[in-house]
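Student: Prediction below, plus the sequence it came from.
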Amino acid sequence: MKAAKIVQPNELSIIDIPVPEPAATEILIKVMASGICGTDIHIYRGEYMGGYPVIPGHEFSGTVEATGSMVTRFKPGDRVAVEPNIACDNCHSCLNNRHNFCLNWSAVGVTRPGGMAQFVVAPEKSVFDIGDLPFEYGAFMEPLSCVLHGVERLEPGLASNVLLFGAGPIGILLLQMLRLKGAAGISVVDKNPTRAEFARSMGADAATTSADNLARDAYDLVVDATGVIPVMSRCIDFVRHGGKVLFFGVPPSGEKMSLEAFPIFRKGLTILSSFTSLRNSTQALDLLKHKRISLDGLVSHKLPLEGLRHGIELLEGGLENVKKVMIMPNGA
């Protein structure tokens with residue numbers, strides 16, 4: 001089979017390797033759609049956890065090709081998506097219901113071979129039935145589950161007034177989830193005017209390309225979905241006294257953020273972050289299957305496996321009205 005391997009930071013190769021054999025509790029999946037995530041880019045650029053070499057890809061769906069001898073929930077031909085984070089279920093964190101902080105954590109596409117390949121294996125416990133969802137929609141299970149966990153941590157109050165930085169795919173998912181949780185007004189900032197306008201079409205009450213003219217100290221909740229350090233640093237300027245800030249976007253590892261301490265104290269702020277998801281995959285699929293979350297217009301590009309590097313460059317450059325780039329390892 002063909003797979004994309006990040007050999008070391010900034011070095012990507014398309015290679016031919018044997019199709020993996022599933023262990024007794026594993027499932028072999030034929031990958032039909034694999035989304036490029038900001039985390040994949042960070043891994044490619046050497047800015048995030050994960051050893052090298054690695055086959056990336058943790059947002060993917062496909063069909064069951066074969067199952068191990070102890071698999072009971074799936075059979076060949078089933079349409080599935082994968083929760084990439086694999087917990088041991090036996091460490092101190094897992095035993096206290098903090099599986100996303102598993103001390104023996106591993107992840108498909110980060111520490112294990114991922115979905116930027118024609119086939120991949122995953123533990124049965126990490127595999128979920130997507131039903132009739134299109135494969136590119138099924139691949140959104142993982143990012144949506146992360147969004148759900150972030151919103152659960154934020155605990156938005158009814159009729160909250162929200163400021164959201166970032167109108168990429170994650171920002172649009174956050175926009176919709178915050179609306180479902182009862183936000184009264186949601187304003188979105190994205191430097192890309194096309195993305196800002198798309199956010200408005202997806203339900204934002206206001207969308208702008210700059211925060212310079214926004215009211216300070218005005219929003220109940222401020223959410224960063226960019227992971228851009230200068231943007232994150234401005235969030236405390238716009239949240240009201242007693243409000244909450246959620247840092248959701250993935251920043252580059254090793255970079256420092258400068259925040260003035262006194263306003264955090266004086267305004268009595270709650271500052272939160274969110275790491276991956278916590279048993280949210282079933283919730284994510286239920287929302288997608290019942291059309292409570294719309295993915296219309298979010299997939300802007302579908303590329304073959306050989307187009308992975310080009311897809312990364314599109315996302316980094318913000319070119320061609322790019323939103324979510326899907327890699328189709330086995331063809332469209």
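Tutor: All right, it came through fine.
Student: continuing past the strand or helix carrying Ala107, what's the next helix or strand?
Tutor: Element membership of Ala107, judged by DSSP states H and E, is strand 106-107. Sequence-wise, the next helix or strand downstream of strand 106-107 (DSSP H and E) is strand 119-123.
Student: Show me the contact partners of the helix or strand just after that next one.
Tutor: Note on strand 119-123: by DSSP H and E, the next helix or strand toward the C-terminus is strand 127-129. For strand 127-129, contacts defined as Cβ atoms under 8 Å, 6 or more residues apart in numbering pick out 27, 29, 64, 73-74, 78-83, 141, 281-282, 285. Bear in mind the C-beta positions are built from the backbone N, C-alpha and C, glycine included.
Student: count of residues packed around the nearest residue to Thr208 once chain neighbours are set aside?
Tutor: In this structure, Thr208 finds its nearest non-sequential neighbour in Val189, 5.7 Å apart by Cβ to Cβ, 6 or more residues apart in numbering. Using other Cβ atoms under 10 Å, Val189 has 26 neighbouring residues.
Student: Name the residues linked to Val189 by a beta bridge.
Tutor: On the basis of DSSP bridges, Val189 is bridged to Phe165, Thr208.
Student: Verify the contact between it and Arg195 for me.
Tutor: No. Contact criterion Cβ atoms under 8 Å: Val189 and Arg195 do not qualify, at 10.0 Å.
Student: If you count neighbours, what's buried in stretch 202-212?
Tutor: Neighbour counts using 16 or more other Cβ atoms under 10 Å place 202, 204, 207-208, 211 of stretch 202-212 among the buried residues.
Student: ok now it, how far from the chain's centre?
Tutor: Centre-to-centre, stretch 202-212 and its host chain are 21 Å apart (Cα atoms, centre = their mean, to the nearest Å).
Student: Likewise for stretch 19-39?
Tutor: That offset, for stretch 19-39, works out to 17 Å (Cα atoms, centre = their mean).
Student: mind checking which helix or strand Lys291 is in?
Tutor: Applying DSSP H and E, one finds Lys291 in no helix or strand.
Student: so what does the helix or strand harbouring Glu313 touch, helix or strand wise?
Tutor: Applying DSSP H and E as the criterion places Glu313 in helix 308-317. Counting contacts by 3 or more Cβ pairs under 8 Å, 6 or more residues apart in numbering; DSSP states H and E, helix 308-317 is packed against strand 11-16, helix 38-44, strand 299-303, strand 324-327.
Student: which secondary structure elements does the longest one contact?
Tutor: Which is helix 38-44. On a contact count with 3+ Cβ pairs under 8 Å, 6+ apart, helix 38-44 meets helix 308-317.
Student: Buried residues of the helix it packs on, list them for me.
Tutor: Neighbour-count burial for helix 308-317 [16+ other Cβ under 10 Å]: 308, 311-312, 314-315.
Student: Out of the contacts of strand 127-129, which sit inside strands?
Tutor: Among those, the members falling in strands (DSSP state E) are 27, 29, 64, 79-82.
Student: Going by distance to Val19, which of those wins?
Tutor: Ile29 (10.9 Å; Cβ to Cβ).
Student: what sits opposite that closest one in the beta ladder?
Tutor: Here Ile29, judged by DSSP bridges, has bridge partners Val64, Val120.
Student: Neighbours of it, how many?
Tutor: 30.
Student: next one: Lys323
Tutor: As a measure of burial, Lys323 has 20 neighbours, counting by other Cβ under 10 Å.
Student: Could you check the pLDDT of the residue lying closest to Asn192 once chain neighbours are set aside?
Tutor: Nearest residue to Asn192 in three dimensions, chain neighbours excluded: Gly318, at 5.5 Å (Cβ to Cβ, 6+ apart). pLDDT, Gly318: 82.
Student: Could you check how far Gly318 is from Asn104?
Tutor: 38 Å (Cβ to Cβ, to the nearest Å).
Student: Where does the prediction get shaky in this structure?
Tutor: 49-50, 320 (pLDDT under 70).
Student: again, 90 this time
Tutor: Judged by pLDDT under 90, the chain has its weakly predicted residues at 38-39, 42, 46-51, 252-254, 318-321, 332.
Student: top helix in it by residue count?
Tutor: Looking across the chain with DSSP state H, the single longest helix is helix 141-154.
Student: what about Phe128, how many residues close to it?
Tutor: Count around Phe128 with other Cβ under 10 Å applied: 21.
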